[in-house]
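Trainee: Sequence and computational prediction follow.
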Amino acid sequence: MNTTTKAILAVLVIAIIGIGMFLAPKKSEETIVLGATLPLSGDLAFLGEGYRNGMELALSELTDTTFTYAAVYEDDKFNPATAATTVNKLISVDTVDGLFSFGSPVGNVVSPLAEENRIVHINGIASDQNVAKGNYNFVHWTPPYEESKLLVAEMKKRGIDSVAMFVTNQPGTLAVANQVKADFEKNGIELVGSEMFNPGETDMRTHVAKLKDVDADIYILVAMSPELELLTKQIKDQGITTPLTSIESFEWTTQPELFEGMWYVNAADASEEFVAKYTKAYGIAPSVGAANGYDAVMLFVKAVENAAHGTMKPTQEEIKNALLAVKNHNGAVGELSVDANGLVVSQAVVRTIENGKPVTLK
């Protein structure tokens, strides 16, 4: 190879490298900060920790993104009043680029604050779809109408014609209970009694006594820990042998053995792939909602990356519009699309408790 040829080749190599550097996507110096308010202490800490783990797992998998992503977590103890403080701190002190919350009671506090500050907010595990109201609010959870539809179908299959219901007085459980009542009426299932109790109640004996002698084929428990466990034990203490079922409730507990062998309807299953990598990362199976935490991060990141102008951080309006445009995303709970109301809809499943663990019935 003569000197001229070598020189020409050298110039070509340099040119190709230069073109590649010019065309390659550039990494922004901007960091996108995700702010999450979760129950990280108290009775539902095991769920909040699972949700946080799901978010962290998603962040650990991010590669080839224009921006760097980081998360700040605050503990709201699943208390709406505390959540108002934690969210205001995330917005004003941490100046986060996106808000993440857990459950209906907290979601209903975060939503108006997100709307007021025009910041995108994604809630996981909110059965109350009012959490998604407004321009900047989104909910990623199986909606009550999907769960109730499956509950009715399963009852019809099992020959159940009459039910009684115990319900916690809070937004998420009320949304589920109201949907169930409406669907029972449409489908000829008789609701022979219903008792409501408040969060924090410890003596359920009066409520149980009122439904003890009703002619119900099954009791539906729409409750959360710790009231769920207290209620169940006090039902058994009164010698009642009527079967129990629920929508979601049997996974909102650290005492699943109380519900051994019982069937119930739950939100969408996490994929086998997600369960495997979560278990490998944390040494335990994911709690209910962990996959939704993972998906919430991935959906938000996808929106930010799609809305970006080169290395410039997109506006909240642009992120919101990009989220609304997400269709057929391969998520941890299946294929996901965001509808015009900000809802990320997934499909309900029938499960049972076997050896203290939830198992999906095929």
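Mentor: Structure's in. What do you need?
Trainee: For the rest of this, base every contact and every neighbour count on C-alpha atoms.
Mentor: Fine.
Trainee: Where does Asp213 sit: helix, strand or coil?
Mentor: coil (DSSP: H, G, I helix; E, B strand; the rest coil).
Trainee: actually Thr241, not the one I typed
Mentor: Applying three-state DSSP: Thr241 is coil.
Trainee: Distance of it relative to Ala175?
Mentor: Counting by C-alpha to C-alpha, to the nearest Å, the gap from Thr241 to Ala175 is 27 Å.
Trainee: More neighbours: the two, which one.
Mentor: Ala175 (19 against 10; other C-alpha atoms under 10 Å).
Trainee: Tell me which other helices or strands the helix or strand hosting the more buried one touches.
Mentor: Secondary structure assigned from DSSP states H and E places Ala175 in helix 171-186. On a contact count with 3 or more C-alpha pairs under 8 Å, 6 or more residues apart in numbering; DSSP states H and E, helix 171-186 meets helix 104-117, helix 144-158, strand 162-168, strand 190-197, strand 218-222.
Trainee: Report the angle between it and strand 162-168.
Mentor: Interaxial angle, helix 171-186 versus strand 162-168 (axes from the mean of the first three to the mean of the last three C-alpha atoms, to 10 degrees): 160 degrees.
Trainee: In helix 171-186, which residues have enough neighbours to count as buried?
Mentor: 171-177, 179-181, 183-184 (16 or more other C-alpha atoms under 10 Å).
Trainee: what does stretch 35-48 give?
Mentor: Result for stretch 35-48 [16+ other C-alpha under 10 Å]: buried residues 35-40, 43-48.
Trainee: any chance of these in TSV, with distance to Asn292, secondary structure and pLDDT too?
Mentor: Below are those laid out as TSV (distance: C-alpha to C-alpha, whole Å; DSSP: H, G, I helix; E, B strand; the rest coil; pLDDT from 0 to 100):
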residue	distance to Asn292	secondary structure	pLDDT
Gly35	16	strand	98
Ala36	13	strand	98
Thr37	15	strand	98
Leu38	13	strand	98
Pro39	15	coil	98
Leu40	16	coil	98
Asp43	20	coil	93
Leu44	16	coil	95
Ala45	16	helix	97
Phe46	15	helix	96
Leu47	11	helix	96
Gly48	11	helix	97
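Trainee: For the residues you listed, work out which two are farthest apart.
Mentor: Gly35 and Asp43 (22.0 Å; C-alpha to C-alpha).
Trainee: can you give me the strands for the stretch 251-362 of the chain?
Mentor: Listed in chain order, the strands of the stretch 251-362 of the chain (DSSP state E, counting those that start in this stretch) span 263-266, 329-331, 334-336, 343-344, 349-354, 357-360.
Trainee: For the shortest one, give me every contacting residue.
Mentor: Contacts to strand 343-344, defined as C-alpha atoms under 8 Å, 6 or more residues apart in numbering, come from residues 129, 132, 138-142, 336-338.
Trainee: What subset of the residues you listed is buried?
Mentor: By 16+ other C-alpha under 10 Å, those give 129, 132, 138-142, 336-338 as buried.
Trainee: Please narrow those residues to those residing in strands.
Mentor: 138-140, 336 (DSSP state E).
Trainee: Output those in CSV; the columns should cover distance to Pro256 and pLDDT.
Mentor: Below are those laid out as CSV (distance: C-alpha to C-alpha, whole Å; pLDDT from 0 to 100):
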residue, distance to Pro256, pLDDT
Phe138, 30, 98
Val139, 26, 98
His140, 24, 97
Leu336, 29, 95
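Trainee: If anything else comes up later, I'll come back, but that's it for now.
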